[in-house]
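Trainee: What follows is a predicted structure for the sequence shown.
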Amino acid sequence: MKTGPRNLITDIDGLRVGHAQNDKLKSGVTALLCDVENVASVHVMGGAPGSRDTDLLQPENTVQSVDGFALSGGSAFGLDAASGVQAALREDDKGFQIADQRIPIVPSAILFDLINGGDKNWGQYPPYRDLGYEAARNASIDFELGTAGAGTGALVGGHKLGLKGGLGSASTVLANGITIGALVAVNALGAATVGEGKGFWAQQFELNNEFGGFGPSTISAEEAQKLRIKFRSEQSQGANTTIAIIATDAVLTKGEAKRLAVATHDGFARALWPAHTPLDGDLIFSVATAGSRVVPDINDQIEMSAIAASTMSRAIARGVFEATAAEHDLFPSWAKVFSGN
């Protein structure tokens, strides 16, 4: 198994990713723009989701192709980010054509980062629409991981009280030429690391030492599976959420894209302990660009399901591994705890 040349979701031609963040706010937005026609869907498995335009992605509904996605901090306030991404796309004459009007289709999802040490006194209107516009304008095939975009203020459970989460991405190239890419903002109730150690639950899927190369955990099963959740004493609905996009250049129907999103949630369960809780809004968008021109048969689809899950697991670990320390952090970064950086 090998990664794409960047080991990013943008190893799939026609996709670009941009970030915008406010360090004082400790929050931000990540936009994924689709420069090619595509087929998109979504699957939600968390008990506390926050999203926009997810119903249109169901296989029985009309719209097939989207113009982009917005992943945002800010809880429900962050749903404004999609309007900013839409504004940028409308300026570029992108969108669903109805008569003489174009309506950019930008499904979005949010995570809760309102109590992470940042200053949320933004006045009358939250800044997420402007951050969404900026993220879209920053879109490129190369982008930062860790403390960036929607991952800026993300937190996870884990070591002692918790660790910083972050923005992760990874890609895998299959033997048949299909590429699968993952993009994820990791803000889970659960932990991405095993016990109190530095190793990741996703370690068995790691390629090229992309998150430290530590190998499988050697601690006891009992110790490993203790629930190290964040904010245990002050949990409230919606205080978490891991939101993601899984992409491929295979030729898929909308129903097959939905099935890919369903299967990719296994990657959450492999990389986070626990996942899909009543207090997480775990959601995965899927998008297929058909750029490889490969039409997968049922055996290919089974392999794609497995690889999509492992690619997402790797992206989750990379998001936490790449997080960096900042002023007024509520929890330390992985690097601060385990390498002193």
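Mentor: On my side now, so go ahead.
Trainee: Strands along this protein, start to end?
Mentor: Secondary structure of the chain (DSSP state E): strands at 15-22, 27-34, 39-44, 51-52, 68-72, 96-98, 101-103, 108-110, 155-156, 163-164, 166-173, 179-186, 243-248, 283-288.
Trainee: mean pLDDT for those strands: which is lowest?
Mentor: Ranked by mean pLDDT, the strands of the chain bottom out at strand 96-98, with a mean of 88.
Trainee: Can you tell me what sits against it?
Mentor: With contacts defined as C-beta atoms under 8 Å, 6 or more residues apart in numbering, strand 96-98 is touched by 63, 67, 102-105. Any C-beta I mention is one placed from the backbone N, CA and C, and that applies to glycine too.
Trainee: Any buried residues in it, and which?
Mentor: By neighbour count on 16 or more other C-beta atoms under 10 Å, the buried set for strand 96-98 is residue 96.
Trainee: just stretch 67-76 next, same as before
Mentor: 67-75.
Trainee: I'd like a version of those residues in JSON lines, one that adds distance to residue 95 as further columns.
Mentor: Formatted as JSON lines, the buried residues of stretch 67-76 follow (distance: C-beta to C-beta, whole Å):
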{"residue": "67", "distance to residue 95": "6"}
{"residue": "68", "distance to residue 95": "10"}
{"residue": "69", "distance to residue 95": "14"}
{"residue": "70", "distance to residue 95": "15"}
{"residue": "71", "distance to residue 95": "20"}
{"residue": "72", "distance to residue 95": "20"}
{"residue": "73", "distance to residue 95": "25"}
{"residue": "74", "distance to residue 95": "24"}
{"residue": "75", "distance to residue 95": "27"}
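Trainee: For residue 243, see how far away the closest residue in space to residue 52 that isn't next to it in sequence is.
Mentor: Nearest residue to residue 52, sequence neighbours excluded (C-beta to C-beta, 6 or more residues apart in numbering): residue 108, at 4.6 Å. For residue 108, the distance to residue 243 (C-beta to C-beta, to the nearest Å) stands at 9 Å.
Trainee: low-scoring pLDDT stretches of the stretch 101-250 of the chain, where are they?
Mentor: For the stretch 101-250 of the chain, the stretches with pLDDT under 70 are 221, 224-225, 227, 230-239.
Trainee: So residue 58 sits against residue 44, correct?
Mentor: No. With contact defined as C-beta atoms under 8 Å, residue 58 does not reach residue 44; the gap is 11.0 Å.
Trainee: between these two, who's got more neighbours?
Mentor: Taking residue 58 and residue 44 together and counting by other C-beta atoms under 10 Å, residue 44 has the greater number of neighbours (18 against 14).
Trainee: what bridges to the more buried one?
Mentor: Counting by DSSP bridges, residue 44 is bridged to residue 283.
Trainee: contacting residues for it?
Mentor: Shown in contact with residue 44 (C-beta under 8 Å, 6+ apart): 51, 54, 281-283.
Trainee: Which members of the residues you listed are the farthest-apart pair?
Mentor: Using C-beta to C-beta, the contacts of residue 44 reach their maximum pairwise distance at 54 and 282, which is 13.0 Å.
Trainee: quick one: which of these two has more around it?
Mentor: Neighbour count, other C-beta under 10 Å: between residue 54 and residue 282, residue 282 has more, with 28 against 17.
Trainee: Quick one: residues contacting the more buried one.
Mentor: Residue 282 makes contact with 44-46, 49, 188, 241-243, 265, 268, 275-276, according to C-beta under 8 Å, 6+ apart.
Trainee: In terms of distance to residue 38, which of the residues you listed ranks first?
Mentor: Checking the contacts of residue 282 against residue 38 by C-beta to C-beta gives residue 243 as the nearest, at 18.7 Å.
Trainee: so what's the residue nearest to that closest one when sequence neighbours are not counted up against?
Mentor: Of all residues not flanking residue 243 in the chain, residue 109 sits nearest, at 4.1 Å (C-beta to C-beta, 6+ apart). Residue 109 is in contact with 49-52, 54, 69-72, 241, 243, 281, 283, 285, counting by C-beta under 8 Å, 6+ apart.
Trainee: Residue 150 too?
Mentor: Residue 150 neighbours (C-beta under 8 Å, 6+ apart): 19, 28-30, 71-73, 111, 167, 185, 243.
Trainee: Closest to residue 317 out of those?
Mentor: Relative to residue 317, the closest of the contacts of residue 150 is residue 167; by C-beta to C-beta it sits at 12.4 Å.
Trainee: Residue 211 reaches residue 198, doesn't it?
Mentor: No. Applying C-beta under 8 Å, one finds residue 211 not in contact with residue 198, separated by 9.9 Å.
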